[in-house]
Structure formats: structure tokens, C-alpha cells
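Colleague: Model the structure of this input:
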Amino acid sequence: MSLSNLFILLLLLMPVFFADAGTPAKVLIVPGHDDGSWGTEFLGVKEADMNVKLALMLYDRLKQDKNFEVFITRDWNGYKKEFADYFQNNEEVILQFIKNSKEKFDDKIRNGEVEEFENVYHNDASDGMVLKLYGINKWADENNIGAVIHIHFNDYPRTKTHQRGKYKGFAVYIPEESLKNSKASSPLGFFVFNSLFKNYYISDYKKESGGVVPDQSLIALGANNTLNTRSVLIEYGYIYERIFSTYYKREEQMKRMAKQTYEGIKKYFDYLAQKPHKIGA
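Modeller: This next block holds a predicted model:
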């Protein structure tokens, strides 16, 4: 089945949620990593900084649209106070939330209700980052967030880290079908993918070559069934790609990427706002 046909099928099968008329959709933007755990790096440029840069551009675009109420977990000054306080004041609660969620999901696997799904290998997050990511999931559901958008740039292990790698291109990660937010998240992922695909190549890494990649283990997507709302994680490209080689190239590409991500999110929520009889017409 082609990507376009799969996209249409997902739209027809997706559960439809309607906000009250005139109520802005709540969107949370999560720039991946932070100053203590900055992800990958190439020629002195840290992924965490690239993530913040693009995330703030997307934040500004959504903020200017009255149809959205937008939140962001961190900016150039670190975590926003609301999130820093939440992590600190709820550490024990979050740890218990993680423990309970893992136990329940492991039981489903043992009972045969869920099949373990492995696709793309991911590096393990630090304990501090694990707490923050699960905490963000908990906060998002407690605050009725309509969509969570995780911003990242990719990398691939190579012997000489100062040299460019072999892969390039973007990918949009969505929750795998065993996760409870999968059906709601998948169409959002395809809308964002479709918008970015207008100007960017799909990742040529084999396991990402479908463009939209299901994943069961990423905490950002609701691993262990820890997220009810929609969530997608965007790998905008490999950090060593030539389009990111200089400040000016990065700036130009990030502005375009933020614009196209915004357009994908907007089209998705415009679609949700249609009257039920129009869906599938």
C-alpha cells in the first residue's frame, strides 16, 4: 500500500475528537534533551540547542494562531518554571507512575495481550531524563493537552565523529499500535509528514525509510501506555547533513521546517474541526 493510500485509510479509521467550538487546541512542544544531556553533536553544535531553536520558531508560529494554546517545556534559559517545579515537586509521584505503568504493560506482554515490538534502536536516556519525559507525559494528560510535539535531530554511530555519516533525511515517529494513543497520534503524524515531505527527503536509513515510523519504546510517544493524548516525535534530519553545516544554512532550514510543521499541525486540527458528516467525503 502506498503512503498516500495508507494516509487516507488512517483518516477514515481514526477516532474523531471534537473540541468545543471556539476552544483553542492545546499543543505542547518538547525540544528534545537539555543542557545536562544534550543528545548528539557535530562540529561543536549540540542537538539540544538545535532542538530549542526550531522549537521556539514553531512555538512562535502556533502562538500567533488564535486556534492554538501553546506550551513549551524549555527555552534558552532552561526548563520553564511550570515544568521545573512539576519535576521537583512530584518526583516520587512520577517514579511511582513509571513503576506502576511498567508493571501493567509487562503484564500485558506476559499475558499475550501485547506483542513486544522492536524497530529502530535508541540509546538509553539518563535517569534524570527518564524522569522528565515520563513527567511530561503525566503533565500533558493532567492538563488536557491535545497534542505533544517532540523536536529532535538524528545521528548514526560512526568511527570518526567529525566526519559526515552515510544517512540523511527526516522521519516522523508515532506510537506503535499496542499503545493506547496510537490511533489518535497516527493521523497527526501523517499530516506533519506530508507537510515536511514537500521540501525534504525521507530518511534513507532502512528502518526509517517509510517516513512515518511506529515505535513502542520511546517514552516521548507514551511507552508503557503512559500517555493518552496524541504525540509525535520528529527527527528533522541527521545533524551532520550539509543543509545544517553553517549557522545561516541551519537558520534557513529551521525556519522552513517550523513553518511546515505548523502547517501540518494546523491541517490536522482543521480536519478534526470538520462536521462529522464531512469526514470521509
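
Colleague: wait, doesn't L179 sit right on A220?
Modeller: No. Assessed by C-beta atoms under 8 Å, L179 is found out of contact with A220, at 11.5 Å. C-beta here means a position set from N, CA and C on the backbone, and glycine is covered the same way.

Colleague: buried stuff in the helix or strand containing S186?
Modeller: S186 belongs to helix 182-196 when assigned by DSSP states H and E. For helix 182-196, burial by neighbour count (16 or more other C-beta atoms under 10 Å) applies to 182, 184-196.

Colleague: now swap in stretch 76-83 and tell me
Modeller: 79, 83.

Colleague: Touching, S186 and Y173? I think so.
Modeller: No. Taking C-beta under 8 Å as the definition, S186 is not a contact partner of Y173, at 10.9 Å.

Colleague: Now do the shared contacts for the two.
Modeller: V212 (C-beta atoms under 8 Å, 6 or more residues apart in numbering).

Colleague: Check the burial of F42 by counting its neighbours.
Modeller: 21 (other C-beta atoms under 10 Å).

Colleague: Show me what the helix holding S186 is packed up against.
Modeller: Packing partners of helix 182-196 (3 or more C-beta pairs under 8 Å, 6 or more residues apart in numbering; DSSP states H and E): helix 3-13, strand 171-175, strand 212-215, strand 230-238, helix 247-272.

Colleague: Which of the ones you listed sits closest to V27?
Modeller: With respect to V27, and counting by C-beta to C-beta, the nearest of the helices and strands packed on helix 182-196 is helix 247-272 at 6.7 Å.

Colleague: Next, the angle strand 230-238 makes with that closest one.
Modeller: 150 degrees (axes from the mean of the first three to the mean of the last three C-alpha atoms, to 10 degrees).

Colleague: Report the buried residues of helix 247-272.
Modeller: Quick answer for helix 247-272 (16+ other C-beta under 10 Å): 250, 253-254, 256-258, 260-266, 268-269, 271-272.

Colleague: who does the most centrally placed residue in the chain bridge with?
Modeller: Nearest to the geometric centre of the chain sits L233, at 2.0 Å (C-alpha atoms, centre = their mean). Note on L233: beta-bridge partners by DSSP bridges are H150, Y173.

Colleague: what does L28 give?
Modeller: Beta-bridge partners of L28, as defined by DSSP bridges: F71, V148.

Colleague: what separates it from I136, distance-wise?
Modeller: 8 Å (C-beta to C-beta, to the nearest Å).

Colleague: Neighbour count for these two, which is higher?
Modeller: Ranked by neighbour count (other C-beta under 10 Å), L28 and I136 place I136 first, with 25 against 22.

Colleague: Read off the pLDDT value for the more buried one.
Modeller: pLDDT, I136: 98.

Colleague: List the buried residues of the helix or strand encompassing it.
Modeller: Secondary structure from DSSP H and E places I136 in helix 127-142. For helix 127-142, a neighbour-count test (16+ other C-beta under 10 Å) marks 129-141 as buried.

Colleague: Flag the shaky bits of the stretch 51-200 of the chain, pLDDT-wise.
Modeller: 121-122 (pLDDT under 70).

Colleague: do that again at 80, thanks
Modeller: Within the stretch 51-200 of the chain, the stretches with pLDDT under 80 are 117-125, 159, 161.

Colleague: and which of the buried residues of helix 182-196 is nearest to V213?
Modeller: Closest to V213, out of all of the buried residues of helix 182-196 and judged by C-beta to C-beta, is G189, at 8.8 Å.

Colleague: Isn't the closest one up against N181?
Modeller: No. Judged on C-beta under 8 Å, G189 makes no contact with N181 at a distance of 11.1 Å.

Colleague: just how off-centre is stretch 206-222 within its chain?
Modeller: 10 Å (C-alpha atoms, centre = their mean, to the nearest Å).

Colleague: Over that stretch, what's the mean pLDDT, rounded is fine.
Modeller: Per-residue scores along stretch 206-222 average to 96.
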